[in-house]
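K.L.:
Dropping the sequence and predicted coords here.
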Amino acid sequence: MSDNVHESGGAGPSHRTVEVGVAAFLGLLAIVGMYGSVKVGIGWGAEGPRAGFFPFYVSALVLLSCGVNIANAMRVPDDGKIFAEWSQLGKVVSVVIPTAIYAVLVAYIGLYVSSALLIGLFMRWFGKYGWLATIAIAIIVPVLTFFMFEIWFLVPLPKGPLENYLGY
Amino acid sequence: MQDIGLLFHGFAVVIQPYNLSLMVLGIVLGVIVGVLPGLGGANGIAILLPLTFSMSPTSAIIMLSCIYWGALFGGAITSILFNIPGEPWSVATTFDGYPMAQKGQAGEALTAAFTSSFVGALFAVIIITLVAPLVANFALQFGPPEIFAVYFLAFCSFVGLSKEPPFKTVASMMLGFALGAVGLDQVTGQLRLTFGAPQLLNGFDFLIAVIGLFGIGEILLTMEEGLSFRGKPAKLNMKVVLQTWAELPRYWLLSLRSCLIGCWMGISPAGATPASFMSYGIAKRISKKGHLFGTGQIEGVVAPETAAHAAGTSALLPMISLGVPGSPTAAVLLGGLLIWGLQPGPLLFTEQPDFVWGLIASMYMGNLVGLIIVLTCVPLFAAILKIPFSVIAPCILVFCAIGAYSVHNSTFDVIMMVVFGIAGYFMKKTNYPLAPLVLAIVLGDKAEEGFRQSLLASQGGFSVFWSSGLVSTIMALGLIALFWSVIQNTWTRFFGRKEEVRAAG
């Protein structure tokens, strides 16, 4: 099960707060969806129901269920259950940030180089590996990927300055 | 029996050396996907989908479906040896599988698990062979209202049969429909919900959602829980295998029951996970050794594994006969069909017999090959878990990024994948089911098309969905599924204890 009960110690945001937060965020998306649908028309046009008809009611249902979910979350008394400990959330954030940077970098320096950087960072930072092992794996994996995708299965992946320099 | 002939033709296609080698490759990749935390059947296939872009559709589906079988097998390895379910559907296998491994019976547990998986899958494939052509033939007469009704039934079953709170299922499903609606409107050709962003012209691809929600989200969850592997040694020699095989026929009734539960749950979109729990629960209640369940009973491994595989396999039945996937993994395979230029649905059987029967034949062959591979290579696969997470995690992230990029050759999709991943982490932790969201993105266009075409034909009257016996029946079934838990509660109130057995579902 994904909902962990942390009996002992460890402070963190309460489960209820996050629950309400997630529902409110989804509700916000639903309002954006309804607004966008109204802009293209939600009524009946020459070609039947207009383009916004279906997404409008679908978004309305999201909004409605989010309201119910918030009400449900507020109705039960706060049992002190926490969403996750701050230290756990810290670990999650420390994965999210490099991954987000990686996702942006792929467009600029190519997938292979940024992958090498990502693997190297993880091994050095989380795994506390020596430089030799880190560099070896960080180079071997992208090179193997290159052969597997570009050469054997003929799937081109984003390339950057280094690959251009090497003539690919 | 024209179908039998076509099936044998399918076998002929499958045993070509090229396809056989793809099958072995698929199984091996699938087992790895199943063993690794953070990679499951659905996102594993989504990530490896680009490998198939240059293949013929038949070879591609053989490889992808074999990844699926491999993932189903792989989940059992980690459950039994490490007490870590590699897949949600193998959670029930840990209950008795891990205690067996602790008692030094890992070999017996693994053999029992693999063999029952094979039996479950085989049963489901036979059902598919016999039933799918009939369903497809029947579905040829469906018009837009019937097609919408089938989708309605599929989605209502999700709400009614899900273990999660119904309004969370509705919220996540409808969000999927809304995301699926972004971009070009199929009917009018109008742009909608793009808010002027050129990246959103093509909408949200469900493959990106699958990779993000299941792949990245799962990595974040694993990171939070701080995984450490403490495994039991895996040794599997022929003697243990043969001994266990000699013992297994004793449980034929249990197997049959689990097969039936699995097929039923797989065809209705409840899926493999509830099927394995239900089968375990019923076995525990019926077995003479029921009170010993949880201490390492072989029956406690046979029941959930058989049901999970039967369900996982039979989830493909509605996918190939109706074009309605029964599980996220089936949905990804369906997405593959669209990419290879095939139109899923009942016409597939008449227009692409090679493809359909090749797929069905590969189900038979793939499970057999899979059984042999996992029985012989368990120590190898178990060794994968010895690789520390700080090496595995970035590699999984890289493969997720490759998968996301190569769907449309778009680097924007890689960023979207991370966004979906963060959303998946929060939604999963607050019990929003992700499977309906993914299925809604996949089927949104078609469900909407069916809905609008029906309304167009009836000039806006909703009575079109009750206009004939067929469509009314499907809609009524959908409503029953939707309010299933309400019906069940009422039943319990009036008839009291009788409900106990059925409540196990």
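P.N.:
Sure, I can see it.
K.L.:
Can you point out the buried residues in the particular helix or strand that has residue B:19 in it?
P.N.:
Secondary structure from DSSP states H and E places residue B:19 in helix B:17-35. By neighbour count with 16 or more other Cβ atoms under 10 Å in any protein chain shown, helix B:17-35 contains the buried residues B:19, B:22-35. In short, each C-beta sits where N, CA and C put it, glycine included.
K.L.:
for stretch B:201-212, same thing?
P.N.:
Using 16+ other Cβ under 10 Å as the test for burial, stretch B:201-212 gives B:203-212.
K.L.:
Of these, just say which sits nearest to residue B:51.
P.N.:
Lowest distance from residue B:51 to these (Cβ to Cβ) belongs to residue B:207, with 13.3 Å.
K.L.:
quick one: that closest one and residue B:335 touch, right?
P.N.:
Yes. Here residue B:207 reaches residue B:335: they are 5.8 Å apart, a contact under Cβ atoms under 8 Å.
K.L.:
which residues do these two both contact?
P.N.:
Taking Cβ atoms under 8 Å, 6 or more residues apart in numbering or on different chains as the contact rule, residue B:207 and residue B:335 both touch B:46, B:49.
K.L.:
helices or strands up against the host helix or strand of residue B:58?
P.N.:
According to DSSP H and E, residue B:58 maps onto helix B:57-82. Judged by 3 or more Cβ pairs under 8 Å, 6 or more residues apart in numbering or on different chains; DSSP states H and E, the packing partners of helix B:57-82 are helix B:17-35, helix B:41-48, helix B:91-102, helix B:106-139, helix B:299-314, helix B:328-339, helix B:353-384.
K.L.:
can you redo those as a markdown table with mean pLDDT?
P.N.:
Below are the helices and strands packed on helix B:57-82 laid out as a markdown table (pLDDT from 0 to 100):
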| stretch | mean pLDDT |
| --- | --- |
| helix B:17-35 | 90 |
| helix B:41-48 | 84 |
| helix B:91-102 | 85 |
| helix B:106-139 | 89 |
| helix B:299-314 | 88 |
| helix B:328-339 | 83 |
| helix B:353-384 | 86 |
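K.L.:
which one of these is the most hemmed in?
P.N.:
Stretch with highest mean neighbour count among these: helix B:299-314 (a mean of 33; mean count of other Cβ atoms under 10 Å in any protein chain shown).
K.L.:
For residue B:362, which residues are in contact?
P.N.:
Contacts for residue B:362 (Cβ under 8 Å, 6+ apart) come out as B:10, B:14, B:19, B:23, B:61-62, B:65-66.
K.L.:
Highest neighbour count among those residues?
P.N.:
Among those, residue B:62 has the most neighbours (other Cβ atoms under 10 Å in any protein chain shown), with 30 neighbours.
K.L.:
which ones are touching that residue?
P.N.:
Residue B:62 makes contact with B:14, B:19, B:22-23, B:26, B:358-359, B:362, B:366, according to Cβ under 8 Å, 6+ apart.
K.L.:
same check, this time on residue A:37
P.N.:
Residues in contact with residue A:37, defined by Cβ under 8 Å, 6+ apart, are A:52-53, A:55-56, A:59, B:192-193.
K.L.:
Those residues in strands, which ones?
P.N.:
Of the contacts of residue A:37, the ones assigned to strands by DSSP state E are residue B:192.
K.L.:
ok and the residue in chain A nearest chain B?
P.N.:
Across chain A, no residue is closer to chain B than residue A:127, which sits at 3.2 Å (Cβ to the nearest Cβ).
K.L.:
Look up which helix or strand the residue nearest the centre of chain A falls in, please.
P.N.:
Among the residues of chain A, the one closest to the centroid is residue A:96, at 7.9 Å (Cα atoms, centre = their mean). Per DSSP H and E, residue A:96 falls inside helix A:86-109.
K.L.:
Okay, helices next: where are they in the stretch 351-500 of chain B?
P.N.:
Assigned by DSSP state H, counting those that start in this stretch, the helices in the stretch 351-500 of chain B fall at B:353-384, B:389-408, B:411-429, B:435-457, B:469-482, B:484-495.
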